[in-house]
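[1] got a structure for you, letters missing:
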């Protein structure tokens, strides 16, 4: 805390400079220290460190957690489907605290200004190095989605992120968006990656042979640890199948049970599933596949402050974008977890000293691209964010750009969960646009669709998100819309959730048989034509200079559990 002498010196200096000094902000940031973030009462002899869904974010960013994360069926009201004050109450987190800022969107703008940016791979490297020094019997595991999501990753087709993984000295990884570079490029990058790429549920077509290694055994402190990798089971549905035509992806409960059983037969004292299933799928699979001690989950970007227990299986959810690092200490006796201690460490960028070697690597990766990364397109008047079950303001910006630049009546934008946040007044740089749009199939299409076709699209995506059986969900958020509004009843069955579809410009109902001009992007169809979405959005912003986006209002939600809706 600031002493009285510090207070007088600081305020005197501020007065001399003729500036307004935000003492509250300085005190808030000073209250977070690197030592405090690393503070941990160790248990046992083994430590698992886990991060996931980095989405190629190397620099500190702002990232707003969702205010809407609706659970349905058995998941209603359970983590991770708690937001705002409901999450704070469940985990005993004080409002306005650093943890409240890290885990919720409650009072987000004020707390972001107090506590600053999060993430930064050089800060993460500092935490990892410190914990390694304390706990030599350690495994560092990357949950996938590391190679995609930024300008540099797209330009270098994932090579920059492999360099980062190697520098971090990860022990294993799994995958999802990695596959969108195509099968040939994945194999090229695996020739450079110095860690096992574990994807036991990926098989070749038509023979069903394993494509990748499924399991790696590690020895740490006299314990044998089996790490089994599970890639995203729905990759060829959520992403273009034509990029990986000879590979089949499955949830594969039976195959996973066989891999767990074999690991036990081979002497594993501990079985860890390095998963990119998504949280609710992990929860169901943990109840169906026996013998898994720990699931390190990914894909749905959930940051949950405490483990979830299913039977004897611990499920860990480590957030995304380099915002968190999970530390799980384990005492293993008789091939079972006898005790554990856990902390999901928020990576508060201003409180952590950058690791010099990683900072140098990041600078080398970014140096050839500086002119593009730092190109200012305009400024935002309000908060720009994406994450949440329905439209965020950055989604609305993309939708408005599609309407204007493609001369469309309605725009559709995918419900991706990746993409950093910008605070009011911040410049919008080219890098910020790529952080929302950097994919290998970026064509912004323009086509005619009937009202009935539009309803089918919305119903299909809604069932993917709100089907009460997690095995029928794919972990994204609802398709974003612009130029129209609708009502959704999340508790209704497939085909009956969407109603009252209307055009915004005149509030007229969208007619089933009328054809509308629709623009969108990220189509999984091969041969889709149109300008790249990042070019289109950049042109739109540059043409306006200052962007003002109101809070989204295009969706009326019925039947939702209120514990997953804080805003």
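    All right, it came through fine. Bear in mind that the values here come from a model prediction, so they are computed numbers and not experimental data.

[2] And the nearest residue to residue 408 once chain neighbours are set aside, how far from residue 150?
    Leaving aside its chain neighbours, residue 408 sits nearest to residue 519 (3.7 Å; criterion: Cβ to Cβ, 6 or more residues apart in numbering). C-beta coordinates here come from the backbone N, C-alpha and C atoms, glycine included. According to Cβ to Cβ, to the nearest Å, residue 519 stands 24 Å off from residue 150.

[3] Could I get the buried residue list for the strand or helix carrying residue 109?
    Per DSSP states H and E: residue 109 is located in helix 108-115. Along helix 108-115, these residues count as buried under the neighbour rule (16 or more other Cβ atoms under 10 Å): 108, 111-112, 114-115.

[4] Report the distance from that helix to the chain centre.
    Taking Cα atoms, centre = their mean, to the nearest Å, one finds the center of helix 108-115 at 20 Å from the center of the full chain.

[5] Can you tell me how far residue 73 is from residue 469?
    7 Å.

[6] One more: residue 212?
    27 Å.

[7] which residue ranges form the helices in the stretch 101-250 of the chain?
    Residue ranges of the helices in the stretch 101-250 of the chain, as given by DSSP state H, counting those that start in this stretch, are 108-115, 121-134, 151-156, 159-168, 183-190, 235-238.

[8] Run the chain-centre distance for stretch 170-190.
    Worked out by Cα atoms, centre = their mean, stretch 170-190 lies 17 Å from the chain centre.

[9] cool, and stretch 414-421?
    Per Cα atoms, centre = their mean, the centroid offset for stretch 414-421 relative to its chain is 8 Å.

[10] distance between the ends of it?
    17 Å (Cα to Cα, to the nearest Å).

[11] tell me the mean pLDDT for it?
    Summarised as a single mean, pLDDT over stretch 414-421 is 97.

[12] buried stuff in it?
    414-421.

[13] Including distance to residue 566 and mean pLDDT, could the helices of the stretch 101-250 of the chain go into a markdown table?
    What follows is these, written out as a markdown table (distance: least, Cβ to Cβ, whole Å; pLDDT from 0 to 100):
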| stretch | distance to residue 566 | mean pLDDT |
| --- | --- | --- |
| helix 108-115 | 10 | 96 |
| helix 121-134 | 28 | 98 |
| helix 151-156 | 32 | 98 |
| helix 159-168 | 33 | 98 |
| helix 183-190 | 39 | 98 |
| helix 235-238 | 27 | 96 |
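
[14] who wins for proximity to residue 92 among those helices?
    Nearest to residue 92 among the helices of the stretch 101-250 of the chain is helix 108-115 (17.8 Å), distances taken as Cβ to Cβ.

[15] tell me what the closest one is packed against?
    helix 23-30, helix 98-103 (3 or more Cβ pairs under 8 Å, 6 or more residues apart in numbering; DSSP states H and E).

[16] got a list of contacts for the helix or strand just after the first one?
    In this case it means helix 23-30. Next helix or strand after helix 23-30 toward the C-terminus (DSSP H and E): helix 34-38. Contact with helix 34-38 is made by 126-127, 130-131, 345-348, 351-353, as judged by Cβ atoms under 8 Å, 6 or more residues apart in numbering.

[17] mind giving me CSV with these and columns for distance to residue 265 and neighbour count?
    Below are those laid out as CSV (distance: Cβ to Cβ, whole Å; neighbours: other Cβ atoms under 10 Å):
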residue, distance to residue 265, neighbour count
126, 40, 22
127, 36, 20
130, 37, 17
131, 32, 20
345, 35, 22
346, 40, 23
347, 39, 25
348, 44, 25
351, 46, 20
352, 42, 23
353, 45, 11
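
[18] The stretch 251-400 of the chain: strands as residue ranges?
    Applying DSSP state E, counting those that start in this stretch to the stretch 251-400 of the chain gives strands spanning 270-275, 294-297, 308-310, 313-317, 324-333, 336-346, 376-380.

[19] what comes up buried for the third one?
    Under the neighbour-count criterion of 16+ other Cβ under 10 Å, strand 308-310 has 308, 310 buried.

[20] From the buried residues of helix 108-115, pick the one nearest residue 534.
    For the buried residues of helix 108-115, the minimum distance to residue 534 (Cβ to Cβ) is 25.0 Å, reached by residue 112.

[21] is it true that that closest one touches residue 63?
    No: Residue 112 is beyond contact range of residue 63, at 9.4 Å (criterion: Cβ atoms under 8 Å).

[22] hey, what's in contact with both of those two?
    With Cβ under 8 Å, 6+ apart as the test, residue 112 and residue 63 both reach residue 421.

[23] about what we covered before: how far away is the residue nearest to residue 408 from residue 547?
    18 Å.

[24] per-residue pLDDT, the nearest residue to residue 77 once chain neighbours are set aside?
    The spatially closest residue to residue 77, leaving aside those adjacent along the chain, is residue 563, at 4.7 Å (Cβ to Cβ, 6+ apart). For residue 563, the pLDDT comes out at 97.

[25] Equivalent analysis for residue 31, please.
    The predicted local confidence for residue 31 is 84.

[26] Ok, residue 86 next?
    pLDDT at residue 86 comes out at 97.

[27] For residue 409, what are phi and psi?
    phi -90, psi -30 (degrees, to the nearest 10).

[28] check contacts around it.
    Contacts for residue 409 were tallied using Cβ under 8 Å, 6+ apart; they are 403, 483, 503, 505, 516-518.

[29] Give me the lowest-pLDDT entry from the residues you listed.
    residue 505 (93).

[30] State the distance from it to residue 488.
    Relative to residue 488, and taking Cβ to Cβ, residue 505 is found at 21 Å.

[31] And those two? Which one has more around it.
    residue 488 (24 against 10; other Cβ atoms under 10 Å).

[32] Neighbouring strands - and their directions - for the helix or strand where the more buried one lies?
    Under the criterion of DSSP H and E, residue 488 resides in strand 484-489. Here strand 484-489 is paired, per DSSP bridges, with strand 498-503 (antiparallel), strand 555-558 (parallel).

[33] Alright, that wraps it up for me.
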